[in-house]
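Student: fold the following for me, if possible:
(2 chains)
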Amino acid sequence: MKRVTPMVVMGAATFYFLIPIWWLFVAASKSRSEFTGTTPLWFADFALTDNLGELFAYRDGVFLRWMLNSVVYTGGAALLGTILAAMCGYALAKYRFRGREAIFNVILGGVLVPATALALPLFLIFSRFEATNTFWSVFLPSLVNPFGVYLARIYAGASVPDELLEASRLDGSGEIRTFFTISSRLMFPALVTIFLFHFVAVWNNFLLPLIMLGEERLFPVTLGLYTWNTQVNQLPELRMLVLTGALVSIVPLVIAFLLLQRFWRNGLGSGAIK
Amino acid sequence: MRALSVVLVSALALGACSSGGSSENTAASTGCAPSEGNVTLTYTTWIPGIENVVKVWNDKNPNIQVKVQTGPNGNGGTYANFFNQLKAGNAPDLGHIEYDALPSFRVQDGLTNLADCTEVTAAKDQFVDWTWGQVTFGEENAVYGIPQDAGPMALFYRKDLFEKNNIPVPATWDEYAVAAEKVKAAGGYITNFSQSDINQFAGFAWQAGGRWFANDGSKWTVNLQDEATTKVAGYWQGLIDAKLVSAVPPWTTEWDNAYNTGQAWTWTSAVWGANSIMSGAPDTKGKWAVAPMPQWTSGATVAGNWGGSSTAVFKGSKHPYEAAKFALWLNTSEEALTLLNSEAQLYPATKAGAKLPALSEGVEFYGGQKIYDVFATASTQVAPDFVWGPTMTSTYATASDGFKAAVSGNGTLLDALKTTQTKTVENLKSQSIPVAE
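Tutor: This is a model prediction of the structure:
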C-alpha cells in the first residue's frame, strides 16, 4: 500500500509534464486544415513529414540555420563557460590569496541577479563598442555563470584533496597542468552538472538575443520561432511551422538530458549536501 | 508649435526614458539634404518576405543600399528594441511602426520630421487622406512617416447561410441587431465579439465618430467615453447581454473553428481579414461575401479602420533624404506595392494602390466576388481625424481586461471604458505627458 501513493503522485506528475509534449507532437503532425477542426490530443492525418519538409525549406532553410546557431551559442557557451567556472571555483577553493572571500561573495551575489535584468545594460555597453547585432553580442555574455563558480568551488573543496596537489607539485607538475590532468577529472561529475545548468540557462535566455540581434541569420531558434509566432495573424501559414519548429527545437535538449542525466542526478545530490 | 516642442522636451527630460540630450527643438524639421557618396541604410521591419521587395530596390539603386533587419512584431518586442536603440544612439535609419504606435515615438522624440523633404510633401496627394493624417497627427509642417498599409473595414458574411435563412444583409447596425436574432434562431451567432483585441472595437468607434485622443499642441485630451464610443459600447453590450454574439478569444484555433464550422456568420473586419478567413476557415470556401460596413444612420457611407502601418525615419539617421526616398518608393511604386501585397497581404495606403491588378480581380474563396472593390471604397470613407494616444499598449491592456470581464458578466463595456479612461490619464501623467482634464 505504501508504494501506491508515491506511484500515483509520480504518475500524475509525469502525465502532467508529458501532456504538453504529447499535444505538441500531435499538433505538429497535422496539416493546417485538420489542426483547427480535430481533437487536439489525437492524430488526424499524419502530415508530420510534410510539415517538416515545409519547415526546413521555408525561406532557404532559415530554421536549420537557427537550430545551428542555438547549438553553437548554447553548446559553445556552456562548454567554455564550464571550463571558466571550473577554473575559477577551483582557484577559489584551493588557493589562498588576499580578497578571496570578497571575490567569492561578489560572485555569489551575481547568482541573485537574473539574466533578464542584465540584458538592457549589456545592450548599452555593446552599443558603445558598436558590437550589437553580432554573434559575439550574444555569445560573450553567455559565458558568465556565477552559479557554476559556486558549485565548482564547493565541489573542488570536497573532492580534490590538498595532499594530492602537494604530491603533484613535488613531482614537478605546473598548476595548470595539475588542474587539467588531475583536478578537473576529480571534479568531473560537478562539471557535467554545471554544463547542463549552463546549457539550459543559455538555451532559455531569450531576452538577450531579442534585444541584441536584428539580423535574422544570427537568431537562435527560440527567438526565430517567437518572431514567426508574432506574425501568425498576418501570415497564418506560419502557425504550423511554429508548431513543427517547436517540436524540432526541443530535440537537442531531450538528447542532452537523456545522455547526461546520470551525472545530472549525481551533481544535484552532491551540490545539495556539501 | 513652439509650445508643443517645449512641452515635449520637458516631458522627455522628466520621463523615464530621456535619450541623452540631443533634443533641442523637436518640432523643427532637421533638413533633408542628399548625402554624398554611397549610402547604406538599415531598415527594421517584421513584414514577412520583405527581403524580396528590398532586393528590387537594391538592384536598381547601387548608391543607396538597404539592409534589412528583422524581429518580432512591434508589440512583441521590436518597439521596445527601437526605444532601446534610440537611447543607445544606434537606431536603424528606417523602422516599421503601426499607426497606433507612432505617437509614442513622437512623444519620445524618436522620429525625424520629413516635412523638409520636398519629395515627401509632394507625395501627400498620392495617399488616401486619412492615412496621411495618421502620420502627421494633424500638425502643420510635419510628416513623421510614410503611410504603408491600411485596414479599411467591411462586413464579411456567410452569403450561403444568409440566403438560406432568408435574412437580408444588414446595411445598418439596427438591421444587424435584428439579423443577429434571426441568426440565433437559426442556431448560430452573428459574430464573435473581440474581447481581447481592442483594435476591432477601436475601428467601430472610429466609424461612429469616436475620437479617443486629441493633441492641441500643448496638452493631450483623452476621451474614451465620448458620445459615439459610448453608443458603440452600449450597442455591443446589448448584443452580449442578449447572448446574440459569441465571445471566443480572437486569434485562437477555437476562434478559427467557430468560423470554420459555421457557428459565426459575420465578421466586421479589415481588408487583411480576407486572408484570416481563408486560412482559418478553409472548409467555408466559396460561401463568404463582403458587404460595406453597417452604418449608424441609414444611407450614410462611413467606414472604420483596423490596423495599418507606416515606414518612419528615426531620429539620428544620417541619411534622411535617402531614407525618405526609399520609403516613398517602398510605399508608392507599383512594383513594391504589388510585391508587398503578394508577400505579406499588405493593402496599400495609396490611392493608386487600390487599383493594383491583384486587387482588381475576383477572389475564388469569396465566390469570385471582387471583394477588394468594397475595401477600396471603404478606404475613401474612413474619417481622417482619428488620433491615437501615446500610450496605446497600456490603454489596450486595460481595455482588454475590462472587456474580458464584461464578456463573462462582470461589469459592462462601459465600465471597462471608464476604467481605461482613468488609467490612461494616470499613465500619461506618470510619464510626464501633459493631459488636459
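Student: residue B:215 and residue B:137 touch, don't they?
Tutor: Yes. Residue B:215 is in contact with residue B:137 according to C-beta atoms under 8 Å; the separation is 6.5 Å. Quick note: C-beta positions are derived from backbone N, CA and C, even for glycine.
Student: show me whatever sits in contact with both of the two.
Tutor: B:103, B:387 (C-beta atoms under 8 Å, 6 or more residues apart in numbering or on different chains).
Student: so which strand or helix has the residue of the stretch 1-150 of chain A at minimum distance from chain B?
Tutor: Across the stretch 1-150 of chain A, no residue is closer to chain B than residue A:127, which sits at 3.6 Å (C-beta to the nearest C-beta). Here residue A:127, judged by DSSP states H and E, is contained in helix A:115-128.
Student: I'd like the next helix or strand past that helix.
Tutor: Next along from helix A:115-128, by DSSP H and E: helix A:135-142.
Student: residues in contact with that following helix?
Tutor: For helix A:135-142, contacts defined as C-beta under 8 Å, 6+ apart pick out A:73-74, A:76-77, A:81, A:118, A:122, A:126, A:131, A:202, A:205, A:208-209, A:212-213, A:218, A:220.
Student: picking that back up, in terms of neighbours, single out the busier of residue B:215 and residue B:137.
Tutor: Neighbour count, other C-beta atoms under 10 Å in any protein chain shown: between residue B:215 and residue B:137, residue B:215 has more, with 22 against 17.
Student: returning to what we had before: is it true that the residue of the stretch 1-150 of chain A closest to chain B touches residue B:81?
Tutor: No. Judged on C-beta under 8 Å, residue A:127 makes no contact with residue B:81 at a distance of 11.7 Å.
Student: which of the two has more neighbours?
Tutor: residue B:81 (23 against 19).
Student: measure the residue of the stretch 1-150 of chain A closest to chain B to residue B:310 for me?
Tutor: In this structure, residue A:127 and residue B:310 are 25 Å apart, going by C-beta to C-beta, to the nearest Å.
Student: same question, residue B:140
Tutor: 19 Å.
Student: so which residues on the stretch 151-274 of chain A come close to chain B?
Tutor: Neighbours of chain B within the stretch 151-274 of chain A, by C-beta under 8 Å from any C-beta of the partner chain: A:210-211, A:213-216, A:223, A:226-227, A:229-238.
Student: show me where chain B has its strands.
Tutor: Secondary structure of chain B (DSSP state E): strands at B:39-44, B:64-69, B:94-98, B:146-158, B:213-215, B:220-222, B:266-270, B:288-292, B:305-313, B:435-436.
Student: nearest to residue B:384, of those strands?
Tutor: Closest approach to residue B:384 among these (C-beta to C-beta): strand B:305-313, 10.3 Å.
Student: quick one: strands adjacent to the closest one?
Tutor: Each strand paired with strand B:305-313, and its direction, by DSSP bridges: strand B:94-98 (antiparallel), strand B:146-158 (antiparallel).
Student: can you get me a residue count around the nearest residue to residue B:111 once chain neighbours are set aside?
Tutor: Counting by C-beta to C-beta, 6 or more residues apart in numbering or on different chains, residue B:111 lies nearest to residue B:144, which is 4.6 Å off, once chain neighbours are set aside. Counted with other C-beta under 10 Å, the neighbours of residue B:144 add up to 23.
Student: my guess is residue B:144 contacts residue B:113. True?
Tutor: Yes. Contact between residue B:144 and residue B:113 holds when scored by C-beta under 8 Å: they sit 6.4 Å apart.
Student: domain ranges for chain B, per the record?
Tutor: B:2-150+B:306-362, B:152-304+B:386-436 (automatic domain parsing).
Student: mean pLDDT lowest for which of the ones you listed?
Tutor: Across those, domain B:2-150+B:306-362 has the smallest mean pLDDT, namely a mean of 87.
Student: including distance to residue B:366, could the strands of chain B go into JSON lines?
Tutor: Below are these laid out as JSON lines (distance: least, C-beta to C-beta, whole Å):
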{"stretch": "strand B:39-44", "distance to residue B:366": "34"}
{"stretch": "strand B:64-69", "distance to residue B:366": "33"}
{"stretch": "strand B:94-98", "distance to residue B:366": "26"}
{"stretch": "strand B:146-158", "distance to residue B:366": "8"}
{"stretch": "strand B:213-215", "distance to residue B:366": "35"}
{"stretch": "strand B:220-222", "distance to residue B:366": "39"}
{"stretch": "strand B:266-270", "distance to residue B:366": "13"}
{"stretch": "strand B:288-292", "distance to residue B:366": "5"}
{"stretch": "strand B:305-313", "distance to residue B:366": "18"}
{"stretch": "strand B:435-436", "distance to residue B:366": "45"}
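Student: among the ones you listed, which comes closest to residue A:18?
Tutor: Among the strands of chain B, if distance is taken as C-beta to C-beta, the winner is strand B:266-270, at 37.1 Å.
Student: partner strands of that closest one, with direction?
Tutor: Going by DSSP bridges, the partners of strand B:266-270 are strand B:146-158 (antiparallel).
Student: surely residue A:223 meets residue A:213?
Tutor: Yes. Under the criterion of C-beta under 8 Å, residue A:223 makes contact with residue A:213 at 6.9 Å.
Student: what's the weakest-modelled helix or strand in chain A?
Tutor: Least confident helix or strand of chain A, by mean pLDDT, DSSP states H and E, is helix A:32-37 with a mean of 76.
Student: do that helix and chain B come into contact?
Tutor: Yes. Under the criterion of C-beta under 8 Å from any C-beta, chain B is reached by helix A:32-37 at A:32-33, A:35-37.
Student: could I get stretch B:218-225 in PDB with only the CA atoms?
Tutor: Extracted in PDB, the C-alpha atoms of stretch B:218-225 (Å, rounded to 0.1, in the frame of the first residue of the first chain):
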ATOM      1  CA  SER B 218       0.400  71.600 -25.600                       C
ATOM      2  CA  LYS B 219      -1.800  69.000 -24.000                       C
ATOM      3  CA  TRP B 220      -3.300  65.700 -24.700                       C
ATOM      4  CA  THR B 221      -7.000  65.100 -24.300                       C
ATOM      5  CA  VAL B 222      -8.200  61.600 -23.500                       C
ATOM      6  CA  ASN B 223     -11.800  60.900 -24.300                       C
ATOM      7  CA  LEU B 224     -12.600  57.200 -24.300                       C
ATOM      8  CA  GLN B 225     -16.100  57.800 -23.200                       C
END
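Student: which residue ranges of the stretch 201-350 of chain B form helices?
Tutor: B:227-241, B:253-260, B:273-280, B:320-332, B:334-344 (DSSP state H, counting those that start in this stretch).
Student: show me what contacts the closest residue to residue B:49 other than its chain neighbours?
Tutor: Of all residues not flanking residue B:49 in the chain, residue B:343 sits nearest, at 3.1 Å (C-beta to C-beta, 6+ apart). When contacts are counted by C-beta under 8 Å, 6+ apart, residue B:343 touches B:47-50, B:52-53.
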